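**Q** Return a 3D structure for these sequence lines:
(chains A and B)
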Number of protein chains: 2
Amino acid sequence: MLEQIDLTRKVSKEDFKATHVELERRLAALQRESKERGIPVIIAFEGWNAAGKGTLINRLIMPLDPRGFTVESFRPPTEEEQRFPFLWRFWVNTPANGRWTICDRTWYRPVLQDRVTGLTRGRDIERAFRDINAFERQLADGGTVIVKFFLHISMKEQKKRFDQLRKNPATAWRVTKHDLKRHKQYDDYFSAYDEMLARTDSEFAPWTVVESHDERFAILKILDAMISALERRLAAPDSNPGENRSIGSTPERDLPGELKESILDRIDLSQHVEPDDYKQQLGKKQDRVRELEYEIYQERIPVIIVYEGWDAAGKGGNIRRITQNLDPRGYEVVPIAAPNDIEKAHHYLWRFWMQLPKSGHITIFDRSWYGRVMVERVEGFCSETEWRRAYREINEMEEHITDFGTVMLKFWIHIDREEQLRRFESRKEMPHKQWKITEEDWRNREKWDAHREAVEEMIYRTSTPYAPWTIIESNSKRFARLKALDTVIEAIEHRLA
Amino acid sequence: MLEQIDLTRKVSKEDFKATHVELERRLAALQRESKERGIPVIIAFEGWNAAGKGTLINRLIMPLDPRGFTVESFRPPTEEEQRFPFLWRFWVNTPANGRWTICDRTWYRPVLQDRVTGLTRGRDIERAFRDINAFERQLADGGTVIVKFFLHISMKEQKKRFDQLRKNPATAWRVTKHDLKRHKQYDDYFSAYDEMLARTDSEFAPWTVVESHDERFAILKILDAMISALERRLAAPDSNPGENRSIGSTPERDLPGELKESILDRIDLSQHVEPDDYKQQLGKKQDRVRELEYEIYQERIPVIIVYEGWDAAGKGGNIRRITQNLDPRGYEVVPIAAPNDIEKAHHYLWRFWMQLPKSGHITIFDRSWYGRVMVERVEGFCSETEWRRAYREINEMEEHITDFGTVMLKFWIHIDREEQLRRFESRKEMPHKQWKITEEDWRNREKWDAHREAVEEMIYRTSTPYAPWTIIESNSKRFARLKALDTVIEAIEHRLA
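**A** Alright, predicted model coming up:
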């Protein structure tokens, strides 16, 4: 999930002032309501050293009634605590009904610090993930709301903050040797964090990654996530809380544009390639892909390339540039439309399992299982419970497939709204392209914002170390095609290395 | 789960004749209903070679409409099938809505055959369990009914059957070299099977172990389990099937006494010990437990002993004999009554986590977390969804605790109904024991059968390789005390070895 995070996001002083009071009031009201309803809440904070955990926890509790919550700081386990199974100290600190427990560091140590230092290894890593997921599921099934924050900063930002602390004699002691050592291991921690986020993000205990360079942005994002989680839970009936753990909808809130802004809007769509350049490079890259096709055939490596994107973004043309030069016996393009009657009579993932490439082959999905969390979500073709559950189901499927050795690439073919309009209009005018544009395309366009929100959450929740999303800037089709080819080449070369 | 299975169970010809037709009719009706409601059903058969899979599958399908089901035989994967991730061939064969798929062998190969032969090892074992559980959960959440049968026979019975097949030239070919090799590895397979059952038994895809020495018994048990699973599912509304995956109740069925008979009723309660013998042995065993108490203290091994049992079965006296000679600084007895207000305001497992022994210490629970699946189930203090889920939650907790190195023993202190009555009557008459017998005890006694059913299912679903149940025959208190001491000594010695 971390690859997709844009750390430059920020909120202006004015916007912050205009919003935070209202959000804090709302949160305080929700605290009272959760108390009355007897709902326990766990708020978990993980993240980089110097990301601002202390400050942000302080800001979070400011509006709260201090009689209703506890902040627990989980240091490395003491000798005494090590005499119990690792979940013990978290279990005994779970909140009573109606109370909130805010955890500064959490039960993730065995798959984070202990993993990077080599204390947890091999089979024990899998067991720790199993135990962590069981812990969260049991609590959620019992009615607890679990909100998990990961505070993210870059290596550079971390260095800057450490330097600042060390310059001041009053704060220098806060940066320990361990901190500096860990700073040097930033990349190792990054990998561990990224896998942790992918393997423990669930509908009952989802992660919110908080871009923490800008404090104002971080505060608002935390407040907003808290409010959403609580409103969803409080909208569900009290009986059988576990079965309604993710039901309920959230009213619109007034938020600064920066907070609502999609990562997609920040993509630089001005990138382009000159026609001559393009011609020169295209053939070379296509030749390389053909060579790689033979190599993966010999090595028996399966490859999956998923294409998703806006209507008229150029998926078809992009796919054609990938396959143009390939040996047709080694690949297949699978177009995915609305499910037919036979497909509808099966689990929604079934038709995609039917189309998996066997080892040594390439399958390109023109649209895919991601329909579940995009069109089906937006159009209400499945329930909220179903699409929320789908992120985990999809991650589980992709992990199983990539554990087998499959190279999996996922492309989001991206254009902006204006470019889409231009293409729609031009299609209307060109007789041979009119078939490409339908009433439905115009209707989808109306729902651009709802789709954008779904795409954003999809890319965020399903970008995993084993099956990452690549956003392909496609206002320039030439640029998009070369980038897709490059990404395919790089991924396969990396797998063969 | 296998340790607790009584393979001598059988059904007489007359009883079989009197029941099977009605059960088959009911099953056929349920097949029609599941077709109308569009509910897909997967029936998985695993078990020992020569346990009778072929015969029993044949018997199961006899009453069914052949247009509604498919039998799939999953041999070792072909070269072609090995070119896909292992779940692929099971996914593509999942039934459409309203159809049944009966699987002869299943998706468990990676944690069974492949594990015993060393093909799956280390981390991959954990991953396979994770993938298997995700596969079943995804299908169940999507609305599929999953019924899993494990056909169990003893090593001796397997030998007998192989010998019979080999004597007859017409059937000799059916016993391969591989079969004979695997027969010799019976114990290895037993361990793998036992762990598999414990780690993949869930409320959404529970295992039914079928005692398969007697074919008639096996058939009836399979029919009965099928009917129960389908009736529960059909009682739930169609909307959001995943959320109601274990709701609904089953009407009473006419079954032969043998099928309803509890494993507890077959316990030999006539075992006893003469007073002189008892006196002589008691002291020695208590001394040994005290020695072991010091050893585990030095080795920092935690020990948990759970006592559950009928009212007046003698739990208290038994516990006293364990602790009499112990160093009080090394153990604690935790009596568990109805939860107090603070405990009620937490997850039901919380109060037990609070009482875990630290390493080097012994905690004896006089009643325990098993209340959830006994008294709370019988009295309706929790919902059916909740107690069905609890088996897995408890197994997960115990696995976490024993992975840490804890020795965990669970005693069911067992007496029969007549003995209980004798003890109740005598308590009534002895002034100093009258406090021990309350109105509630008499009320519980009224519900003996409901309790017995709950105890039976508890012992069956939570006897795991890491935390087994021991049934302590306690009509003779002396016998019971010595057996408990022996079991404790053996378990700790085994852990120290």
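
**Q** what's the burial count for the nearest residue to A:Arg25 once chain neighbours are set aside?
**A** Spatial nearest neighbour of A:Arg25, excluding adjacent residues (Cβ to Cβ, 6 or more residues apart in numbering or on different chains): A:Pro63 at 7.0 Å. Glycine gets a C-beta too; all of them are placed from N, C-alpha and C. Neighbourhood size, A:Pro63 [other Cβ atoms under 10 Å in any protein chain shown]: 17.

**Q** now A:Pro63, what's its secondary structure?
**A** coil (DSSP: H, G, I helix; E, B strand; the rest coil).

**Q** pretty sure it is touching A:Glu24, no?
**A** Yes: applying Cβ atoms under 8 Å, one finds A:Pro63 in contact with A:Glu24, separated by 3.7 Å.

**Q** A:Leu409: which element?
**A** Element membership for A:Leu409 (DSSP states H and E) is strand A:407-414.

**Q** Each with direction, which strands does that strand pair with?
**A** Its sheet considered, strand A:407-414 pairs with strand A:303-309 (parallel), strand A:469-473 (parallel) by DSSP bridges.

**Q** ok, back up a step: which residues does the residue nearest to A:Arg25 contact?
**A** By Cβ atoms under 8 Å, 6 or more residues apart in numbering or on different chains, A:Pro63 lies in contact with A:24-25, A:27-28.

**Q** I'd like to know how far it sits from B:Ile301.
**A** Distance of A:Pro63 to B:Ile301, given as Cβ to Cβ, to the nearest Å: 48 Å.

**Q** Tell me which stretches of the stretch 251-400 of chain A form helices.
**A** Counting by DSSP state H, counting those that start in this stretch, the segments of the stretch 251-400 of chain A that form helices are A:257-260, A:275-299, A:315-323, A:341-344, A:350-353, A:375-378, A:384-403.

**Q** lowest-pLDDT helix or strand in chain A?
**A** Least confident helix or strand, chain A: helix A:257-260 with a mean of 76, by mean pLDDT, DSSP states H and E.

**Q** Domain map for chain A?
**A** Chain A breaks down by automatic domain parsing into domains covering A:2-257, A:266-496.

**Q** if we can go back for a sec, from the contacts of A:Pro63, keep the buried residues only.
**A** Those of these that meet the buried threshold are A:24, A:27, by 16 or more other Cβ atoms under 10 Å in any protein chain shown.

**Q** Any chance of the contacts of A:Pro63 in TSV with secondary structure and distance to A:Val455 as columns?
**A** TSV is the format used below for the contacts of A:Pro63 (DSSP: H, G, I helix; E, B strand; the rest coil; distance: Cβ to Cβ, whole Å):
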residue	secondary structure	distance to A:Val455
A:Glu24	helix	30
A:Arg25	helix	32
A:Leu27	helix	28
A:Ala28	helix	33
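
**Q** Find the residue ranges of the stretch 201-350 of chain A scoring beneath the pLDDT cut-off.
**A** The model of the stretch 201-350 of chain A has pLDDT under 70 over residues A:238-252, A:261-262.

**Q** wait, what's in contact with A:Trp100?
**A** Counting by Cβ under 8 Å, 6+ apart, A:Trp100 has contacts A:31, A:34, A:40-43, A:64, A:68-70.

**Q** Tabulate those residues in a markdown table, adding columns for secondary structure.
**A** Output for the contacts of A:Trp100, formatted as a markdown table (three-state DSSP):
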| residue | secondary structure |
| --- | --- |
| A:Gln31 | helix |
| A:Ser34 | helix |
| A:Pro40 | coil |
| A:Val41 | strand |
| A:Ile42 | strand |
| A:Ile43 | strand |
| A:Leu64 | coil |
| A:Gly68 | helix |
| A:Phe69 | strand |
| A:Thr70 | strand |
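
**Q** any idea which of the contacts of A:Pro63 is closest to A:Ala480?
**A** Checking the contacts of A:Pro63 against A:Ala480 with Cβ to Cβ, the nearest one is A:Leu27 at 42.4 Å.

**Q** Next up, the contacts around the closest one.
**A** A:63-64, A:223, A:226-227, A:230.

**Q** I'd like the distance between it and A:Glu453.
**A** Relative to A:Glu453, and taking Cβ to Cβ, A:Leu27 is found at 22 Å.

**Q** can you check A:Trp353 too?
**A** 28 Å.

**Q** who has more neighbours, these two?
**A** Neighbour totals were compared for A:Trp353 and A:Glu453, and A:Trp353 leads with 22 against 15 (other Cβ under 10 Å).

**Q** Quick one: residues contacting the nearest residue to the more buried one once chain neighbours are set aside.
**A** Among residues not flanking A:Trp353 along the chain, B:Trp91 sits closest, at 3.7 Å (Cβ to Cβ, 6+ apart). Going by Cβ under 8 Å, 6+ apart, B:Trp91 touches A:349-350, A:353-354, B:135.

**Q** Next, give me the two most distant ones among those.
**A** Maximum pairwise distance among the contacts of B:Trp91 (Cβ to Cβ): 15.4 Å, between A:Met354 and B:Phe135.

**Q** Which one of these two is surrounded by more residues?
**A** B:Phe135 (21 against 13).

**Q** Over to that one: give its phi and psi.
**A** When read as degrees, to the nearest 10, the backbone of B:Phe135 gives phi -60, psi -50.

**Q** from memory it sits against B:Trp88, does it?
**A** No: in this structure, B:Phe135 is not within contact of B:Trp88 by Cβ under 8 Å, at 10.7 Å.

**Q** since we're on A:Glu157, how many residues are nearby?
**A** Neighbours of A:Glu157 using other Cβ under 10 Å come to 16.

**Q** separation between A:Glu393 and B:Glu386?
**A** From A:Glu393 to B:Glu386 the distance is 24 Å (Cβ to Cβ).

**Q** again with A:Val303
**A** Counting by Cβ to Cβ, the gap from A:Val303 to B:Glu386 is 45 Å.

**Q** Compare these two and say which is more crowded by neighbours.
**A** A:Val303 (24 against 21).

**Q** Specify the beta-bridge partners of that one.
**A** Residues in beta-bridge contact with A:Val303 (DSSP bridges): A:Ile362, A:Val407.

**Q** who touches it in this structure?
**A** Taking Cβ under 8 Å, 6+ apart, we find A:Val303 in contact with A:296, A:357, A:361-363, A:406-409, A:492.

**Q** any chance of the residues you listed in a markdown table, plus neighbour count?
**A** Below are these laid out as a markdown table (neighbours: other Cβ atoms under 10 Å in any protein chain shown):
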| residue | neighbour count |
| --- | --- |
| A:Ile296 | 21 |
| A:Pro357 | 24 |
| A:His361 | 20 |
| A:Ile362 | 26 |
| A:Thr363 | 19 |
| A:Thr406 | 22 |
| A:Val407 | 22 |
| A:Met408 | 18 |
| A:Leu409 | 20 |
| A:Ile492 | 23 |
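
**Q** Closest one of the residues you listed to B:Val273?
**A** The nearest member of the contacts of A:Val303 to B:Val273, counting by Cβ to Cβ, is A:Thr406 at 63.0 Å.

**Q** list the contacts for the closest residue to that closest one other than its chain neighbours?
**A** Closest residue to A:Thr406 in three dimensions, ignoring its sequence neighbours and counting by Cβ to Cβ, 6+ apart: A:Pro302, at 4.5 Å. Applying Cβ under 8 Å, 6+ apart, we find A:Pro302 in contact with A:296, A:356-363, A:404-407, B:83.

**Q** can you do 10 Å?
**A** A:296, A:356-363, A:401-402, A:404-408, B:83-85 (Cβ atoms under 10 Å, 6 or more residues apart in numbering or on different chains).

**Q** before we move on, what about A:Arg253?
**A** Contacts of A:Arg253 by Cβ under 10 Å, 6+ apart are A:19, A:22-23, A:26, A:223-224, A:227-228, A:231, A:259-260.

**Q** Against B:Asp6, how distant is A:Met397?
**A** In terms of Cβ to Cβ, A:Met397 sits 40 Å off from B:Asp6.

**Q** So which of those two has more stuff around it?
**A** Ranked by neighbour count (other Cβ under 10 Å), A:Met397 and B:Asp6 place A:Met397 first, with 23 against 13.
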